[in-house]
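A.B. asks: how would this look folded up:
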Amino acid sequence: MSRHVLALCGGVGGAKLAAGLARAIAPGDLSIVVNTGDDFVHLGLHVSPDIDTVAYTLAGLSDRERGWGIAGETWAFMASLRRLGGEDWFQLGDQDLAMHVERTRRLSEGQALSTVTAALTRALGIDHAIIPMSDDPVATIVQTDDGELSFQHYFVRDQCRPVANGIRFEGAAAAKPSPGFEAALARDDLATVILCPSNPYLSIDPILAIPGVRGALEDLDAPIVAISPIIGGRAVKGPTAKLMVEMGLEPGVTAIAEHYRGLLDGLVVDPEDSEAAEALHVATLAIPNLLNSDEDRLRVAQASLAFAEALAQKRRAER
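C.D. replies: As a prediction, the model looks like this:
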């Protein structure tokens with residue numbers, strides 16, 4: 001019997017590990033569930049930034065220098081929009097624009113986001129399942145000293161400058177896991193859950209905020225392993241460390257492990273954090289976990305899977 005892996009994933013950092021997992025695991029044995037709390041409507045188009053980042057990365061299309069979008073992108077649309085006085089704070093490349101237009105068209109016909117995502121990722125030649133966390137709208141709202149800001153306004157328009165003091169997930173209480181997510185959680189052969197090195201507060205928490213998800217994960221017999229997005233107190237990518245400081249937390253693996261208390265069986269950390277990891281309440285694996293190259297991504301994916309299997313074997317031996 002095959003052994004299924006469920007990965008919970010955000011944008012850039014999560015997409016890199018998802019690409020490594022996709023190289024290590026056959027398409028039928030991996031479900032990549034992606035945060036949609038960042039989704040928003042812009043210029044009349046439904047934009048799903050994390051889904052698109054994961055899709056472009058797995059399709060080999062992503063711009064590695066910029067960290068988002070499509071390599072070799074052109075910007076004629078944005079130049080024309082700017083000339084017309086349009087809202088230009090969120091960059092939509094000419095190739096990327098087609099994704100948002102087609103997604104919006106299909107959604108307007110009544111298709112679910114899961115159905116649309118499956119069709120678009122297949123069209124990009126992706127065999128692995130990229131699954132929205134929910135087909136229902138959930139919006140990440142960052143509570144700041146300047147008032148509440150939708151995630152893209154906080155992250156892109158305002159460049160994370162406002163001081164954050166909280167986060168909430170609008171619509172989460174009424175949302176349901178997407179059918180693909182629900183099916184992955186219910187699989188008899190679910191062997192491992194991987195929390196990709198995405199921002200715990202902005203990328204993984206929206207997924208966990210959907211009613212029933214965290215409880216279902218806690219009840220699983222499969223080990224749950226997270227890859228730390230923090231190395232030596234620094235965020236590998238994005239505002240994780242800044243957010244932690246502003247919310248009264250010390251950036252580091254201790255805070256990451258505490259945030260996931262009751263959920264994690266293991267945490268993958270960088271050797272720079274080995275000493276701090278010794279005091280954690282969960283098992284740890286210390287390996288270089290920067291994900292810059294394809295080789296890095298595959299190596300960390302394989303090591304994380306082997307770590308999870310070792311934890312599963314230990315659990316079985318202790319019964």
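
A.B. asks: Could you pull out the strands in the chain for me?
C.D. replies: Counting by DSSP state E, the segments of the chain that form strands are 4-9, 30-34, 40-42, 45-47, 129-132, 139-144, 147-150, 164-170, 190-195, 224-227, 230-231, 234-235, 266-269, 283-286.

A.B. asks: Can you flag the weakest of those strands by average pLDDT?
C.D. replies: For those, mean pLDDT drops lowest on strand 234-235, to a mean of 78.

A.B. asks: Show me what that one pairs with in its sheet, parallel or antiparallel.
C.D. replies: With DSSP bridges as the test, strand 234-235 is paired with strand 230-231 (antiparallel).

A.B. asks: residue ranges for the helices of the stretch 1-150 of the chain, please.
C.D. replies: 12-24, 49-58, 76-83, 94-108, 113-123 (DSSP state H, counting those that start in this stretch).

A.B. asks: now do the stretch 151-300 of the chain
C.D. replies: 151-152, 179-185, 205-208, 213-218, 240-246, 253-259, 274-277, 294-317.

A.B. asks: Please work out which of those is packed deepest.
C.D. replies: Highest mean neighbour count of the helices of the stretch 151-300 of the chain: helix 205-208, a mean of 24 (counted as mean count of other Cβ atoms under 10 Å). Glycine gets a C-beta too; all of them are placed from N, C-alpha and C.

A.B. asks: Now do that one: which elements does it pack against?
C.D. replies: strand 164-170, helix 213-218 (3 or more Cβ pairs under 8 Å, 6 or more residues apart in numbering; DSSP states H and E).

A.B. asks: same thing but 6 Å
C.D. replies: For helix 205-208, there is no helix or strand it packs on, judged by 3 or more Cβ pairs under 6 Å, 6 or more residues apart in numbering; DSSP states H and E.

A.B. asks: Which residues does it contact?
C.D. replies: The contact list for helix 205-208, computed with Cβ atoms under 6 Å, 6 or more residues apart in numbering, reads 8, 35, 37, 133, 138, 140, 169, 214.

A.B. asks: Show me which of these is closest to residue 247.
C.D. replies: residue 140 (14.4 Å; Cβ to Cβ).

A.B. asks: Run the chain-centre distance for the lowest-mean-pLDDT helix or strand in the chain.
C.D. replies: Among the helical and strand segments of the chain, the one scoring lowest on mean pLDDT, DSSP states H and E is strand 234-235, with a mean of 78. Here strand 234-235 shows a centroid-to-chain-centroid distance of 17 Å under the convention Cα atoms, centre = their mean, to the nearest Å.

A.B. asks: coming back round to it: please pick the buried ones from the contacts of helix 205-208.
C.D. replies: The neighbour-count test (16 or more other Cβ atoms under 10 Å) applied to these identifies 8, 35, 37, 133, 138, 140, 169 as buried.

A.B. asks: ok, so of those, who is nearest residue 201?
C.D. replies: Out of those, the member with the shortest distance to residue 201 (by Cβ to Cβ) is residue 140, at 9.2 Å.

A.B. asks: and that closest one, how far is that from residue 49?
C.D. replies: 11 Å (Cβ to Cβ, to the nearest Å).

A.B. asks: And for residue 154?
C.D. replies: 13 Å.

A.B. asks: just to revisit the earlier point, take the contacts of helix 205-208 and lay them out in JSON lines including distance to residue 193.
C.D. replies: As requested, the contacts of helix 205-208 are exported to JSON lines (distance: Cβ to Cβ, whole Å):
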{"residue": "8", "distance to residue 193": "7"}
{"residue": "35", "distance to residue 193": "15"}
{"residue": "37", "distance to residue 193": "19"}
{"residue": "133", "distance to residue 193": "14"}
{"residue": "138", "distance to residue 193": "20"}
{"residue": "140", "distance to residue 193": "22"}
{"residue": "169", "distance to residue 193": "20"}
{"residue": "214", "distance to residue 193": "12"}
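
A.B. asks: which of those sit farthest apart?
C.D. replies: 140 and 214 (16.6 Å).

A.B. asks: now the strands of the chain in a markdown table, with distance to residue 106?
C.D. replies: Output for these, formatted as a markdown table (distance: least, Cβ to Cβ, whole Å):
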| stretch | distance to residue 106 |
| --- | --- |
| strand 4-9 | 22 |
| strand 30-34 | 17 |
| strand 40-42 | 15 |
| strand 45-47 | 9 |
| strand 129-132 | 13 |
| strand 139-144 | 21 |
| strand 147-150 | 23 |
| strand 164-170 | 24 |
| strand 190-195 | 29 |
| strand 224-227 | 33 |
| strand 230-231 | 37 |
| strand 234-235 | 35 |
| strand 266-269 | 37 |
| strand 283-286 | 41 |
